[in-house]
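Engineer: heads up, no residue letters with this:
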């Protein structure tokens, strides 16, 4: 019976193209982390260049900006992670209270949209609307009698501008998951609560929120792996030397050291540090998600 | 319903609607603002009279943008990228997801293969080794640099794999009894039954290819080879930020520049807007499928 439809051979055949492409473009770069222990000799390439031991890492530790960059990365990423849970949950609860279906659908349609725009388009948009001299946001602030704010040029504001604009882009998308989880809450629970005299607020606090809790925990745990992902695409397009102090993150630093200054060894070392820590975090988050929510990726 | 008509309840409901509408507007208005700027005269934009409605309506900035040969060329590269990249993504996703969706008794090597792909989500070599590998394979500055490095979207593979798993086994077993091979049961049974999932993933891939800019920027040596988003990165984003704090000298040139930048943002956004109704239809279930599968 197994022989008849070719046994397992068709499966291997199906996998070959994917296996080869992933090998070349994911596994060869993984082997390429040897660059972190080498000094690139352009004629000899990634694998033939001479070894330099831990020198690239020593250089990395002695870079004056490194601790600031690490702090900025974690600070911006954690703000985004926190907002990425709190805002969608709140918004899903609010949407859940709205009764008009048309209204609900329209709001959802609008808030999902920014997720599908690239950071290039959104950066163009943000640079225009946040401009201190001509942007509509600062026009508005001036209209309210306030001073203009250099959202993208002031190191004090920059990290918050990043967290806020990222939340603006992604919260709608995050809301979907919680809206789906809301539909899974047993309506009988609400009836029972109402019979016991619980008003809407109490129903929300004692039925809806506990009903959402497993999903909230799962999503928070799964986002743990992002502690060192402060959002390269966004920050690269919006930062400038005047905000490096608070806005420079690991990924942008790697980009500048490696691709702009061609200091491949050090950039690989910094990148390797990030990959290793992220690997630990993602691994831990999957183990936690499996333990608490019985979540499995495949 | 308990307490539904009380004034507290009514105030709450009204306030809730108001806040929801306000947040939705906050998502919409920046786009409307830039649209209005793109359709206004540069004089009106310069004097700060444009908010949500065009002042001195004209299409000059669009004529300018669409007339620029670089813009057209970059747009064409992006379209070609979607036309070649998305079918390849989907073909590979299906071919990888199907065998991995099998039970171990049907496919003994399922586990090792699955881990082979999942490891790439957990760990990566980082930017520099990735860049140098692509250089080594000799596709830098060719169209294939935009296609091959990301040809296997492993996240999508996992979504589709889980969808395939949820299909009832009986249909496929009946097919196998009737003498269908694995290939036939993939294309004749599993794929047609997974149409909604495949549609969702196709849309993800379209948006993904359309929005990518980084590969184009660093893997292409000549701007003629840039896809649209990479080209836009160089013209809209990558400018000297000090210009923004309004040096008077540059003011006028900057201002007429502003309507054209706005027009480029809008033109680049249009294709996403066009597929959005389809996205909207499928992606909610797609995301839910991905994050809360049982």
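Structural biologist: Noted; the coordinates are in hand. The shown structure was predicted, so the numbers you read here are calculated from the model rather than taken from an experiment.
Engineer: buried ones in the helix or strand of chain A with the lowest mean pLDDT?
Structural biologist: Sorting the helices and strands of chain A by mean pLDDT, DSSP states H and E puts helix A:200-203 at the bottom, at a mean of 84. Buried residues in helix A:200-203, counted by 16 or more other C-beta atoms under 10 Å in any protein chain shown: A:200, A:203. Where you see a C-beta, it was placed from the backbone N, CA and C, and this is true even at glycine.
Engineer: next one: the one helix or strand residue B:93 maps to to chain centre, how far?
Structural biologist: Assignment of secondary structure by DSSP states H and E places residue B:93 within helix B:69-100. How far helix B:69-100 lies from its chain's middle: 12 Å, per C-alpha atoms, centre = their mean, to the nearest Å.
Engineer: does chain A have contacts with the next helix or strand after it?
Structural biologist: Using DSSP H and E, the next helix or strand after helix B:69-100 towards the C-terminus is helix B:110-122. Yes - Helix B:110-122 lies within reach of chain A by C-beta under 8 Å from any C-beta of the partner chain, at B:113, B:114, B:116, B:117, B:118, B:120, B:121, B:122.
Engineer: could these go into TSV alongside pLDDT and neighbour count?
Structural biologist: TSV is the format used below for these (pLDDT from 0 to 100; neighbours: other C-beta atoms under 10 Å in any protein chain shown):
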residue	pLDDT	neighbour count
B:113	96	18
B:114	94	19
B:116	96	20
B:117	96	22
B:118	92	17
B:120	93	18
B:121	89	16
B:122	90	17
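Engineer: I'd say residue B:92 and residue A:21 touch.
Structural biologist: Yes - at 7.0 Å, residue B:92 counts as touching residue A:21 under the criterion of C-beta atoms under 8 Å.
Engineer: compare the two (neighbour count), which wins?
Structural biologist: Using other C-beta atoms under 10 Å in any protein chain shown, the more surrounded residue of residue B:92 and residue A:21 is residue B:92, with 21 against 18.
Engineer: can you pull the pLDDT of that one?
Structural biologist: pLDDT for residue B:92: 98.
Engineer: ok so, going back, can you spell out which helices and strands pack onto the helix holding residue B:93?
Structural biologist: helix A:9-22, helix B:110-122, helix B:154-166, helix B:195-211, helix B:228-232, helix B:251-292 (3 or more C-beta pairs under 8 Å, 6 or more residues apart in numbering or on different chains; DSSP states H and E).
Engineer: can you give me the buried ones in it?
Structural biologist: Using 16+ other C-beta under 10 Å as the test for burial, helix B:69-100 gives B:71, B:73-75, B:77-78, B:81-82, B:85-86, B:88-90, B:92-100.
Engineer: ok, residues contacting stretch A:81-92?
Structural biologist: Outside stretch A:81-92, the residues within contact range by C-beta atoms under 8 Å, 6 or more residues apart in numbering or on different chains are A:111, A:163-164, A:166-167, A:170-172, A:174-175, A:177-179, A:182, A:212, A:216, A:219-220, A:223-224, A:226-227, B:20, B:23.
Engineer: in that stretch, what's buried?
Structural biologist: Using 16+ other C-beta under 10 Å as the test for burial, stretch A:81-92 gives A:81, A:83, A:84, A:85, A:87, A:88, A:89, A:91, A:92.
Engineer: likewise stretch B:25-39?
Structural biologist: Of the residues in stretch B:25-39, B:27, B:30, B:31, B:33, B:34, B:35, B:36, B:37, B:38, B:39 count as buried by neighbour count, 16+ other C-beta under 10 Å.
Engineer: what about these, which are in helices?
Structural biologist: If you go by DSSP state H, those have B:27, B:30, B:31, B:33, B:34, B:35, B:36, B:37, B:38 in helices.
Engineer: these also near chain A: which ones?
Structural biologist: Subset of those in contact with chain A: B:27, B:30, B:31, B:33, B:34, B:37, counting by C-beta under 8 Å from any C-beta.
Engineer: report the two of those residues separated the most.
Structural biologist: Spatially, the most separated pair among those is B:27 and B:37, at 17.8 Å (C-beta to C-beta).
Engineer: what are the phi and psi values for residue A:240?
Structural biologist: Dihedral pair for residue A:240: phi -160, psi 160, per degrees, to the nearest 10.
Engineer: looking at it, it is touching residue A:153, isn't it?
Structural biologist: Yes - at 6.9 Å, residue A:240 and residue A:153 qualify as touching, with contact defined as C-beta under 8 Å.
Engineer: for the residue in the stretch 1-150 of chain A that chain B sits nearest to, give me the pLDDT.
Structural biologist: Using C-beta to the nearest C-beta, the closest approach of the stretch 1-150 of chain A to chain B is made by residue A:32 at 2.7 Å. At residue A:32, the pLDDT value in this model is 93.
Engineer: what's the answer for the one 3 residues further on, then?
Structural biologist: The predicted local confidence for residue A:35 comes out at a pLDDT of 93.
Engineer: still on that earlier bit, can you work out which residues contact both of residue B:92 and residue A:21?
Structural biologist: Both residue B:92 and residue A:21 are in contact with B:151, B:152, where contact means C-beta under 8 Å, 6+ apart.
Engineer: and residue B:66, how far is that from residue A:16?
Structural biologist: Per C-beta to C-beta, to the nearest Å, residue B:66 is found 44 Å from residue A:16.
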